[in-house]
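Visitor: Any chance you can model this:
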Amino acid sequence: MNRARRGVVPHILHLHSTFAPGGKELRTVQLINAFAAKARHTIVSAEPAQLGAAARIAKGCDVRIQPEFPSLKGWPLPGRLQKIARAMKGYDLVCTYNWGAMDAVMAHTLFKDVHGLPPLIHHEDGFDESELKKLKTSRTWFRRIALGRASGLVVPSERLEEIALVDWQQPLGRVKRIPNGIDTKGFAMRPKKDALRLIKHPGEHWVGTLAGLRTVKNLPRLVRVFNDLPENWQLVILGEGEARDAILAEADRLKINHRVHVPGPVSDPARVIGLFDIFALSSDSEQFPLSVVEAMAAGLPVVAPAVGDIADMVSEANAEFIAPPGNEEELRMALVQLAVSKDLRREVGEANRAKAVAQFDEAKMVATYRRLYSSAMGLEL
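Guide: Numbering: from 1, shown residues only. Below is the predicted model of the structure:
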């Protein structure tokens, strides 16, 4: 890594399907903040209006947001792909994320030699609604071809690792499973009662979640399973997205809109997640949700469907509160069981906290990504 010793600061291009504050976007922010002055970054979103995660980038980091760049959306025709390939020239590393950036991966494979393109590492964190129940054959074949010259394929979960190796037929040496990590010390802080615009009053208990408000999260389901809890329980859903109206409509239908709150996204989950008494998800699909790790680090019990790696992520004490996928009644029973017992919530939360500290701390994740990116570039981060 001789160039690094001569003072070269690597320039990393990040091509995202969206840069709204979701799991993959916030992990990118974590890494940018951790690399600090050792790297420069350019971020492009396929949805130019969705850039909310950028607000969490630390001051002093050298980052350009949404410069002029060919659209990541459109038909994968040779002329368009070549324009994308040309735009990737001059960087030291290209990082692509999810299906929304797969055209750029294909452009890199087709035109890497023609344009002398830098190495590319692709990151897959899950699927949209079109591939919830079954992988699309056309997308599977596209991924097989497009990933042919990638320097790495990063996945956070065992399920995605299996898909990458078996369905996408990627070589073992290319696939890297790196579990998401967080600053577990930061999530141990006791939050202020007024950390949100919403105030937690004495005697209240909160079921809470942090999620992009997308259809795949099935948050109206969470409203329904919450409905059986007593009046002193509130449901707080933090996030932004197109499913907000559907959440509020379900609360109106059940006549519990006075107990269901959607105050919007938060810039620092560590400052607010400890206000929750129970953390809950109701998703149709997840892989390795960062919000579950955050809840565990804050010492919370977790109620969720057994999608992705969630059942393996939580502590043994929490296992019985992870419901079969799609089973609304089991999810409701798990939530009610935790709601009636403060001692049980504390016991499960403490076990989750211990596991988060032992297995999912940010330092380990950052070190692994640092090695991977440095090796691909031949430049030390």
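
Visitor: now what about the longest helix along the chain, what contacts it?
Guide: Ranked by residue count under DSSP state H, the longest helix found in the chain is helix 342-359. Helix 342-359 has contacts (C-beta atoms under 8 Å, 6 or more residues apart in numbering) with 179, 182, 184, 187-188, 277-278, 293, 295-302, 314-318, 321, 337-338. The C-beta positions use only the backbone N, C-alpha and C, and glycine is treated the same way.

Visitor: which among those residues end up buried?
Guide: 179, 182, 184, 187, 277-278, 293, 295-302, 314-315, 317-318, 321, 338 (16 or more other C-beta atoms under 10 Å).

Visitor: For the longest helix of the chain, give the mean pLDDT please.
Guide: Confidence for helix 342-359, expressed as mean pLDDT, is 96.

Visitor: next SSE after that helix?
Guide: Taking DSSP states H and E as the definition, the helix or strand that follows helix 342-359 towards the C-terminus is helix 362-377.

Visitor: Give me the contacts around that following helix.
Guide: With contacts defined as C-beta under 8 Å, 6+ apart, helix 362-377 is touched by 1, 4, 10, 12, 27, 30-31, 34-35, 92-93, 118-119, 121, 151-152, 154, 176, 178-184, 380-381.

Visitor: Verify the stated contact: residue 214 with residue 244.
Guide: No. With the criterion set as C-beta atoms under 8 Å, residue 214 and residue 244 do not qualify as a contacting pair; they are 10.1 Å apart.

Visitor: Which one's more surrounded, these two?
Guide: Shown here are residue 214 and residue 244; by other C-beta atoms under 10 Å, residue 214 has more neighbours (19 against 15).

Visitor: Per-residue pLDDT of the more buried one, please?
Guide: At residue 214, the predicted lDDT confidence score is 88.

Visitor: measure it to residue 280 for me?
Guide: Remark: distance between residue 214 and residue 280 (C-beta to C-beta, to the nearest Å) = 16 Å.

Visitor: Ok, residue 11 next?
Guide: 41 Å.

Visitor: Between the two, which is the more surrounded one?
Guide: Legend: neighbour count by other C-beta under 10 Å for residue 11 and residue 280, higher for residue 280 (26 against 18).

Visitor: partner residues bridging that one?
Guide: Using DSSP bridges, the beta-bridge partners of residue 280 come out as residue 303.

Visitor: just so I have it, where are all the helices in the stretch 201-350 of the chain?
Guide: Counting by DSSP state H, counting those that start in this stretch, the segments of the stretch 201-350 of the chain that form helices are 219-226, 244-253, 290-297, 310-313, 328-339, 342-359.

Visitor: Name the residues of stretch 105-115 that come out as buried.
Guide: Applying a neighbour-count criterion of 16+ other C-beta under 10 Å, one finds 105, 106, 107, 108, 109, 110, 111, 112, 115 buried in stretch 105-115.

Visitor: Quick check: strands, which of the residues you listed are part of them?
Guide: For those, membership in strands holds for none, with DSSP state E as the criterion.

Visitor: Tell me the one among these nearest to residue 289.
Guide: The shortest gap between residue 289 and any of the buried residues of stretch 105-115 belongs to residue 105, at 23.9 Å (C-beta to C-beta).

Visitor: domains in this protein, as residue ranges please.
Guide: Domain assignment for the chain by automatic domain parsing gives 2-181+362-377, 186-359.
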